[in-house]
Each structure stands twice: as C-alpha cells, then as structure tokens.
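**Student:** What would the 3D arrangement of this be:
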Amino acid sequence: MKSLKELTVIQKRELILVVAILVISGLLSGIFYVRNRKPAEEVVVTVDGKIVATLDLHKDTDMVIDGYGGTDHLIIKDGYASITEASCPDKVCVRTGKIHRSGELIVCLPNRVVVTIEGED
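**Tutor:** Next up is the predicted model:
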C-alpha cells in the first residue's frame, strides 16, 4: 500500500507531464498555423454558390452585388473589405464589419452572398 506522500509525488509528476504536453502541442499548432498562412490578396464574391467577381484586395472598389433576394453594397478600401448596406432584414453581413485576413468571410444568407478573402496560390 502506497503512502499519501508517494501518491502526491505521482500526481505532481502527472500534472507536470500534462501541462508540458499541452504547451508543446499549443506551440506546434501556432507554428503550423503561421507557416501555412497565405497573405491576403483577393476578394472572391459568390452568389448562390457561383463566383460573380474576383477583386484585388489592395485596389479600392465600390460594388453593388445583386444577390438572390436583394442587393449588398461591397466596399474595398485600404486593404479591407466590408458590406456597408444590404437589403436583407437582419443586416448580419453589415454588422460583420471589415475583413482583411485570408480565410475571413462575410455572409448574407437572405441574399445568398458570400464575400471571402483568399491568399495567393
């Protein structure tokens, strides 16, 4: 039968091992994420799953998107893309705000519009 002191030492070692594994896995995940991230280059606009425009993120653009059920007003300015006006009732796409990183997106479900930031190939 093990004494209470022996059990405490084993529990401390297990705790240290678990913390070390978590820290190492977090660091490796972070390194993988940063190394595989592509720089944001373009804005891809789709309506009902079909690409309707591919725009340069670094060129200021003002565009009205004719969606499935209404319109969205897309602004690209200073390397950021945002929907500033929409005909949909909930305006979630407008409240999303500005996006600029590869993988970010703005979705307007009622109009079936998706605006995605993509990196270089």
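
**Student:** switch to C-alpha atoms for all contacts and neighbour counts from now on
**Tutor:** Will do.

**Student:** Low-confidence ranges, this structure, go.
**Tutor:** For the chain, the stretches with pLDDT under 70 are 1-7, 9-10, 35-38, 120-121.

**Student:** need the contact list for the residue most central in space within it.
**Tutor:** Within the chain, one residue has its C-alpha closest to the average C-alpha position: by C-alpha atoms, centre = their mean, that is Glu104, at 3.3 Å. Under the criterion of C-alpha atoms under 8 Å, 6 or more residues apart in numbering, the neighbours of Glu104 are Thr116, Ile117.

**Student:** tally of neighbours for Thr71?
**Tutor:** Burial of Thr71, expressed as a neighbour count using other C-alpha atoms under 10 Å, amounts to 19.

**Student:** typo on my end, Thr46
**Tutor:** Under the neighbour criterion other C-alpha under 10 Å, Thr46 is assigned a count of 19.

**Student:** From Gly70, how far off is the residue nearest to the centre of the chain?
**Tutor:** The gap separating Glu104 from Gly70 is 23 Å, by C-alpha to C-alpha, to the nearest Å.

**Student:** next one: Lys50
**Tutor:** Noted for Lys50: a distance of 16 Å to Gly70, by C-alpha to C-alpha.

**Student:** The two: which has the busier surroundings?
**Tutor:** Remark: of Lys50 and Gly70, Gly70 carries more neighbours, 14 against 11, as counted by other C-alpha under 10 Å.
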